[in-house]
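Engineer: 3D, please:
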Amino acid sequence: MELTKKIIRKLLTAVKTTKPEEIGCDDCFEELQIFVELELSGNSMQDAKPLVQDHLERCKDCKEEYQVLLAALNSLYNSP
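Structural biologist: Now for the predicted structure:
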C-alpha cells in the first residue's frame, strides 16, 4: 500500500485527535445494544455513553454495526 498524502493526513488526524480515554472495537461492541436501547428511549448518547459515541464517530465498521442494530431494534419497537 502506498502512503499517499490523503492517507498520511488521515493518520495524523487520528493521532492528533486521540484522547486519554478511548475504547476499542471489542468494548464498543459489548456496549452497543445498551447504547442503542438508550438512544431509542430518547437519552443523550453523549451523556450516557460518551466513549461509545466517540468510538462510533471514529470507526466505520462499528458504526455500520450500530446502524444495523438500530434499524433492527427500531423496527421491533415500532412494529404493530
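Engineer: mean confidence for stretch 50-62?
Structural biologist: For stretch 50-62, the mean per-residue pLDDT is 91.
Engineer: convert the C-alpha atoms of it to CSV, please.
Structural biologist: In CSV, the C-alpha atoms belonging to stretch 50-62 read as follows (Å, rounded to 0.1, in the frame of the first residue of the first chain):
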residue,chain,number,x,y,z
PRO,A,50,-19.6,9.1,25.7
LEU,A,51,-16.8,6.6,24.9
VAL,A,52,-19.1,4.5,22.7
GLN,A,53,-20.4,7.7,21.0
ASP,A,54,-16.8,8.8,20.4
HIS,A,55,-15.7,5.4,19.0
LEU,A,56,-18.7,5.3,16.6
GLU,A,57,-17.7,8.7,15.2
ARG,A,58,-14.2,7.3,14.5
CYS,A,59,-14.8,3.7,13.4
LYS,A,60,-16.6,2.9,10.2
ASP,A,61,-17.0,-0.8,10.9
CYS,A,62,-18.6,-0.3,14.4
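Engineer: what does it contact?
Structural biologist: 14, 17, 19, 21-25, 27-29, 31-32, 35, 45-46, 63, 66 (Cβ atoms under 8 Å, 6 or more residues apart in numbering). From N, CA and C alone the C-beta is placed, and that goes for glycine too.
Engineer: where do the helices sit along the chain?
Structural biologist: Applying DSSP state H to the chain gives helices spanning 5-16, 25-40, 45-48, 50-58, 60-77.
Engineer: which of those helices has the lowest mean pLDDT?
Structural biologist: helix 45-48 (a mean of 73).
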